[in-house]
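J.: Just to be clear, the model below is a prediction. Sequence and coordinates:
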Amino acid sequence: MVDVHTPEQRSFNMSRIRGRDTKPELVVRSIVHQMGYRFRLHRADLPGRPDLVLPGRNKVIFVHGCFWHRHRCRFGRVVPKTNARFWRDKRDCTVERDRKNRRKLRAAGWEILTLWECWTRKPEERIVPRLTTFLRQ
């Protein structure tokens, strides 16, 4: 199947995909802040640059996009029709990098919580209970 966009349009669209300060990340930040916790953002000295870092509790939170990190939901199971091999390889590398970063963080004594983009659509059902349990442990 041929791409419906010109290479310039596709390049522009892809350039707008952000790695930080995404809507799902802002939803999680807001909830954690409302719960009374303070955190640091994207600490470069930690593997994977976690989205939220609670240094006093040795806890980190990742907010993953379902497509990019291959969540098991319907958004993560999407298979692009154009350039399929490229996208499969790119997403495989992302998942493997996530595994390595989690391993390194655990070895350094950090506790990890991963939240998914699709869960932010109903945060009171999916995110709040997980955050409450994770942060109060």
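T.: Yep, it's here.

J.: Please count neighbours and contacts with C-alpha atoms only from this point.
T.: Will do.

J.: Going toward the C-terminus from the longest helix along the chain, what's the next helix or strand?
T.: Assignment by DSSP state H gives helix 84-107 as the longest helix of the chain. Counting by DSSP states H and E, the next helix or strand C-terminal to helix 84-107 is strand 111-116.

J.: And the average pLDDT for that following strand is what?
T.: Strand 111-116 shows a mean pLDDT of 98.

J.: which secondary structure elements does the next helix or strand after it contact?
T.: Sequence order places helix 123-136 as the next helix or strand after strand 111-116, per DSSP H and E. With contacts defined as 3 or more Cα pairs under 8 Å, 6 or more residues apart in numbering; DSSP states H and E, helix 123-136 has these neighbours: helix 23-34.

J.: list the helices and strands the helix it packs on packs on?
T.: Using 3+ Cα pairs under 8 Å, 6+ apart: helix 23-34 touches strand 59-64, helix 123-136.

J.: so what's the residue sitting nearest the centre point of the chain up against?
T.: Centroid check for the chain by Cα atoms, centre = their mean gives His64 as the closest residue, at 1.6 Å. Each residue near His64 by Cα atoms under 8 Å, 6 or more residues apart in numbering is listed here: 114-117.

J.: Likewise for Trp119?
T.: Trp119 is in contact with 126-127, counting by Cα under 8 Å, 6+ apart.

J.: Now do it against Arg99, distance only.
T.: Distance, Trp119 to Arg99, by Cα to Cα, to the nearest Å: 21 Å.

J.: cool, and Gly36?
T.: 30 Å.

J.: of the two, who's got more company?
T.: More crowded of Gly36 and Arg99, by other Cα atoms under 10 Å: Arg99, with 13 against 8.
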